[in-house]
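Peer 1: Turn this into a structure:
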Amino acid sequence: MSKETPSPIALLTDFGTQDAYVGTMKGVILRHCPTIPLVDLTHEIAPQNVRQAAFVLWTAYRYFPDSSVFLVVVDPGVGSSRHAVAVKTEHGCFVGPDNGVFSEVLAEAEDWQAVILDPAVVAPDRPSATFHGRDLFAPAAARLACGADIATLGKPLADLVKLEPARLSLTHTTIEGEVIYIDHFGNVVTSIGRCYWREDGLLALIPRLVPDATPILFSPSTTIVYAGRHQFTGIARTYAHVPAGQATPLINSAGQLEIAVNQGSAHQNLGLTVGEHVVLRLGTLIDTKPSAGTT
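Peer 2: Numbers count the residues shown, from 1 in each chain. Coordinates of the predicted model:
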């Protein structure tokens, strides 16, 4: 089956841009169909950092058309016994190694279907042992973007590898988490979220990691945040809420608690790193039930 208008393919890798790896994968895709739209999510994932890739994918996938194909190649196990897979969800298809890189996305999927890519179907010229991005994942993504049924690409796979969840726990007065990501600006992103601003405070909707948790509405101005050896009082709405060079907790665009320095780097200025323990000591509890319309 071939669609008149191919779906977009979004690429996410740890390849960087110095070498020709990304361009070569794009060439393979364009040989299948020169009109496939290609989007670079990022190629600057830290080498072999599957957890970082899983988080970045999670922050981005929901903003793409539901027909999109996500080609993710962060693959420290290339050439090993790990499976090469394609996964279909209600919010797009995902192609890459079965190493946990799709954990965050699949945790939000109502339903999904996965197959182990069959090299005889996807790469009849026999894939190399070290560049599955070019020889397996890129042609599989191209086929899906052009309308191929995922079932034609390989045998069904019932279970996928899941990453160990990041730290996230709560009591009546605290939420504990850890630093999970540091972005290009040095902003320090934590596992504490999702949080949403409301007129009367901050609403914390604790996700699947604490499945029985009740949404918590609390006062941001009286909340204390501990990150490593640092302590902050209050959670800001924006970076500019504090003077240039000053650090503050805030809620980022993904709804996660973040430590930032206005016009600076929290990573460099505060020495915070991935894995650092973070505690949010809640301010005044306003309510424990989300208002109508909250999602």
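Peer 1: Which is the succeeding secondary structure element to the helix or strand containing Phe232?
Peer 2: Using DSSP states H and E, Phe232 maps to strand 230-233. Later in the chain than strand 230-233, the nearest helix or strand by DSSP H and E is strand 247-251.
Peer 1: quick one: whatever helix or strand comes next after that next one to chain centroid distance?
Peer 2: Using DSSP H and E, the helix or strand that follows strand 247-251 in sequence is strand 256-261. Strand 256-261 sits 17 Å away from the centroid of its parent chain (CA atoms, centre = their mean, to the nearest Å).
Peer 1: so what secondary structure elements neighbour the very next helix or strand once past strand 256-261?
Peer 2: Using DSSP H and E, the next helix or strand after strand 256-261 towards the C-terminus is helix 266-270. When contacts are defined as 3 or more CB pairs under 8 Å, 6 or more residues apart in numbering; DSSP states H and E, helix 266-270 packs onto strand 188-193, strand 247-251, strand 256-261. To be clear about C-beta, it is placed using only N, CA and C from the backbone, and glycine gets the same treatment.
Peer 1: isn't Trp100 right next to Val161, touching?
Peer 2: One correction, residue 100 is Gly, not Trp. Yes: the pair Gly100 / Val161 is scored as a contact, 4.7 Å apart, by CB atoms under 8 Å.
Peer 1: For the residue of the chain most remote from its centre, which non-adjacent residue is closest in space?
Peer 2: Most distant from the centre of the chain: Asp125, at 32.6 Å, with distances by CA atoms, centre = their mean. Spatial nearest neighbour of Asp125, chain neighbours left out: Asp135 (7.7 Å); criterion: CB to CB, 6 or more residues apart in numbering.
Peer 1: any idea how far Val122 is from the one you found?
Peer 2: 8 Å (CB to CB, to the nearest Å).
Peer 1: Gly100 and Val161 - which one has more neighbours?
Peer 2: More crowded of Gly100 and Val161, by other CB atoms under 10 Å: Gly100, with 19 against 16.
Peer 1: so that one sits in a strand?
Peer 2: No: Gly100 is assigned coil when assessed by DSSP: H, G, I helix; E, B strand; the rest coil, not a strand.
Peer 1: which phi and psi does the closest residue to it other than its chain neighbours have?
Peer 2: Leaving aside its chain neighbours, Gly100 sits nearest to Leu163 (3.8 Å; criterion: CB to CB, 6+ apart). Dihedral pair for Leu163: phi -70, psi 150, per degrees, to the nearest 10.
Peer 1: Return the distance of Leu163 relative to Gln52.
Peer 2: Separation of Leu163 from Gln52 (CB to CB): 11 Å.
Peer 1: Same question for Leu285.
Peer 2: For Leu285, the distance to Gln52 - CB to CB - is 34 Å.
Peer 1: With Glu176 instead?
Peer 2: 21 Å.
Peer 1: do Cys33 as well
Peer 2: As judged by CB to CB, Cys33 and Gln52 stand 30 Å apart.
Peer 1: Those two - which one has more neighbours?
Peer 2: Ranked by neighbour count (other CB under 10 Å), Cys33 and Gln52 place Gln52 first, with 20 against 15.
Peer 1: Go ahead and confirm that one touches Thr42.
Peer 2: No: look at Gln52 against Thr42 with CB under 8 Å: they stay out of range, at 9.9 Å.
Peer 1: Could you list the low-pLDDT ranges of the stretch 151-295 of the chain?
Peer 2: 207-213, 287-295 (pLDDT under 70).
Peer 1: Grab the longest strand from the chain for me.
Peer 2: Counting residues, the longest strand in the chain under DSSP state E turns out to be strand 174-182.
Peer 1: and that strand, C-alpha only, in CSV?
Peer 2: C-alpha atoms of strand 174-182 as CSV (Å, rounded to 0.1, in the frame of the first residue of the first chain):
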residue,chain,number,x,y,z
THR,A,174,6.2,16.3,50.1
ILE,A,175,6.9,15.1,46.5
GLU,A,176,10.4,13.5,46.0
GLY,A,177,12.0,13.0,42.6
GLU,A,178,15.3,13.4,40.9
VAL,A,179,17.0,15.3,38.1
ILE,A,180,16.3,13.5,34.8
TYR,A,181,17.5,15.8,32.1
ILE,A,182,19.7,18.9,31.5
